[in-house]
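Trainee: Sequence plus the predicted model coming up.
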Amino acid sequence: MRRAIHVDGSEQAMSDLVAMLHQGASAEAFAARLADLDTLPASYPGKSALVETVRMAMAVRNRLELQEQRERGLLAVIASAQDLSSRLDQGELLAAIVSRARDLLGSDVAWLSTYDADIGEFHVVVVDGALSQGPAAMVARRDRGVAGLVMSTRLPFTTPDYLHDKRFAHDGKLDDTFREEGIAALVGVPLIWEGEVVGLLFVADRYHRMHTAQSTSILCTLATYAAVALKNARDFERVNAALAKADHARAELEHHLASVQAATDAHEQITSLLARGASLATLCQAVAQLLGGSVLVLDETGAVVGGGAAAGYEGTVYAAYAPNGDHAADLACAARASRTTGRSVVAYEAGGETCRALPVIGGDDVLGTALLFHRGALDDVAVRTFERSCSVIGVVLLSQHRAEASRNRSASELLRALVSPRQDDLAVLADRAGQHGIDLARPIALVIVEMDRPRADYAARRFANVALGANAVADDIDGALVVLCGASAAHDVRQAVSTWVGQELKAVHRGVVSRPVAQPAELPALYAALRRALAVLGRLGVQGRIVGQHELAIYSTLFETQDRASLASFLEATIGPLLTHDQKRGSDLAATLLAWFDCNQNARTTAQRMGIHVNTVRQRLATIEDLLGHWGHASRALEIHIALRLWSLGTPSH
């Protein structure tokens, strides 16, 4: 039913319109009032003025509504700014910006891209409302698409139909993503900080939409707050990173100070042990306990002279160490490198353990090598602790060497005095020898051995400590190991020397044990004879044997001036065909002939000694005569016998 028209004048009409504005009447109510006025006849008094008044009221109502919308938008932006300002986590902040932008404009999709100035590209970092993963992977170049346009103009850009808009250069990959997502309308605004574009904020719809200046303005205002908040968040992250770095540096400094203090305490502990005269074993145990591993100390030849392991250390590699084991070459290389640098170096790794090596220096000499076995990595302070401990170990080893030298000085002086051509008073020498358990009134003997390694002084020092009994003395004289003992003990000393040098030192060696002598006055001549015999053994190439003087007496006299080539020529000229036959056919003719000579040329006795039939001996002798010719003459037989004797000296199996 049509509303009743109040016709009581323009004042009443104005009052009604003001009331409607006050009550917030809808646009439809004002339109209905205007329609009522239009139904009045044209002759109605003041109709035109009433119609104009209603239209003016409608305009006022529209302006009030627009103002209200702006106020709501401004309040929403202010609320957004307050919310964004309270967020300092960058990921959370960016997600909040994008979500709020989408909500404020009532759009389908929103995303934010940040600018990488190094490569000139915008990368999407947050997406809200997307139906696929495509928008999250978008990358826009600064010279393509809306991103390039907004970047260059630094102004907002809006389009109702992105895919068909010709105002910018399209990027094919972005167009495919928009097409797949169904995006039509788009508006983008820059995030600007200190005159530089740091990012872009976009909202989009899946239908054609014209964004109003008000919505664009709201988005720009949000982008401004977002840029400030983003900058604050980045600054906060940098501050946090700096604080974290400072905390880390402080923790490292505290750890370093604690390590330095621990190293100082360790050095004081080791030094205190040294001052109290601790043994090498005690020092090794203390160092191993400090470093949580195991320690071995080796002498010049690689033999273990001390060691220790920390309580609870489960390593086994140190226990498997052998002087000439699998890692001998690695240790040798590490020792050379360490002497060059002056620092410890890693020698090898095995079984989850690391072996670190450092030469032990005493005075001007290398006394040995210290090995540290450990699991895991060692910090610099621990390495320094090990290296300082090696200096203390060097002091202990040097002290031990000097103590040994002091203990052995008397024995060394006695031995040198006895073999010297100018002997001291024999009564004095006899008294001094008695202090070492040697009775010069009874028969005595000498053993002299030369070796390729180690040095004879080391061999003399070590052998005196580990292998000799109380009734013998040893020393290095002219580069050879010389041992003086009672004649009754000569055989045992000979065996002990040969076993120790061969098995413990694994050294190439040769030596001579003398005949017994009854008087000390005979020792200088005996020593000279043994030296000549030793030279003959060297020319013969004898290795790994200590022979009796009686086996060499005649040969020392005959061949002491001959070199090795001359001896080889003598053997070749005398029994060369015999040796060649044995070598080619694996026969035993040379040994058979030597046994025949030694058995007074008796075939039956020879067969018994060699464990063969007498006919075999006769057959071999016949073959030998075919090879060497007749040896019936005494001079020829003597020459062959001497050659065979020399040959047997250089043959370990005979």
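Mentor: Thanks, I have the structure now.
Trainee: where does D118 land in three-state SS?
Mentor: Judged by DSSP: H, G, I helix; E, B strand; the rest coil, the three-state class of D118 is coil.
Trainee: quick one: contacts for it?
Mentor: For D118, no contacting residues are found, by Cβ atoms under 8 Å, 6 or more residues apart in numbering. Every C-beta, even on glycine, is put in place using the N, C-alpha and C of the backbone.
Trainee: quick one, phi/psi of V127?
Mentor: Phi and psi for V127, reported as degrees, to the nearest 10, are phi -130, psi 140.
Trainee: wait, it sits on S99?
Mentor: No. Counting by Cβ atoms under 8 Å, V127 stays clear of S99, with 10.3 Å between them.
Trainee: As a check, name the ranges of all helices in the stretch 1-150 of the chain.
Mentor: Per DSSP state H, counting those that start in this stretch, the stretch 1-150 of the chain carries helices over the ranges 10-23, 27-38, 47-85, 90-105, 145-153.
Trainee: same thing with the stretch 501-650 of the chain?
Mentor: 523-540, 553-559, 564-585, 589-598, 603-610, 614-628, 634-649.
Trainee: tell me, what's touching V127 and S99 both at once?
Mentor: Common contacts of V127 and S99, defined by Cβ under 8 Å, 6+ apart, comprise A110.
Trainee: Of the helices of the stretch 1-150 of the chain, which is nearest T369?
Mentor: When the helices of the stretch 1-150 of the chain are compared by Cβ to Cβ, helix 90-105 sits nearest T369, at 56.3 Å.
Trainee: what stretches of the stretch 401-550 of the chain score poorly on pLDDT?
Mentor: For the stretch 401-550 of the chain, the stretches flagged by pLDDT under 70 are 404-408, 454-457, 461-470.
Trainee: closest one to T606 among the helices of the stretch 1-150 of the chain?
Mentor: So among the helices of the stretch 1-150 of the chain, helix 90-105 is nearest, using Cβ to Cβ, at 102.1 Å.
Trainee: Okay, buried residues for that closest one please.
Mentor: Using 16 or more other Cβ atoms under 10 Å as the burial criterion, the residues of helix 90-105 that qualify are 90, 93-98, 100-102, 104-105.
Trainee: and it, what does it pack onto?
Mentor: helix 47-85, strand 109-116, strand 121-128, strand 196-205, helix 213-275 (3 or more Cβ pairs under 8 Å, 6 or more residues apart in numbering; DSSP states H and E).
Trainee: can you list these in CSV and add distance to L571, mean pLDDT and mean neighbour count?
Mentor: Formatted as CSV, the helices and strands packed on helix 90-105 follow (distance: least, Cβ to Cβ, whole Å; pLDDT from 0 to 100; neighbours: other Cβ atoms under 10 Å):
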stretch, distance to L571, mean pLDDT, mean neighbour count
helix 47-85, 105, 70, 14
strand 109-116, 89, 90, 21
strand 121-128, 90, 90, 19
strand 196-205, 97, 89, 22
helix 213-275, 59, 77, 15
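Trainee: Make JSON lines out of the ones you listed and add distance to G486.
Mentor: Output for those, formatted as JSON lines (distance: least, Cβ to Cβ, whole Å):
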{"stretch": "helix 47-85", "distance to G486": "103"}
{"stretch": "strand 109-116", "distance to G486": "94"}
{"stretch": "strand 121-128", "distance to G486": "96"}
{"stretch": "strand 196-205", "distance to G486": "100"}
{"stretch": "helix 213-275", "distance to G486": "41"}
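Trainee: okay, which residue is most central for this structure?
Mentor: Using Cα atoms, centre = their mean, the residue of the chain that lies closest to the mean C-alpha position is A377, 7.2 Å off.
Trainee: Show the end-to-end separation of stretch 511-522, please.
Mentor: Stretch 511-522 has an end-to-end distance of 20 Å (Cα to Cα, to the nearest Å).
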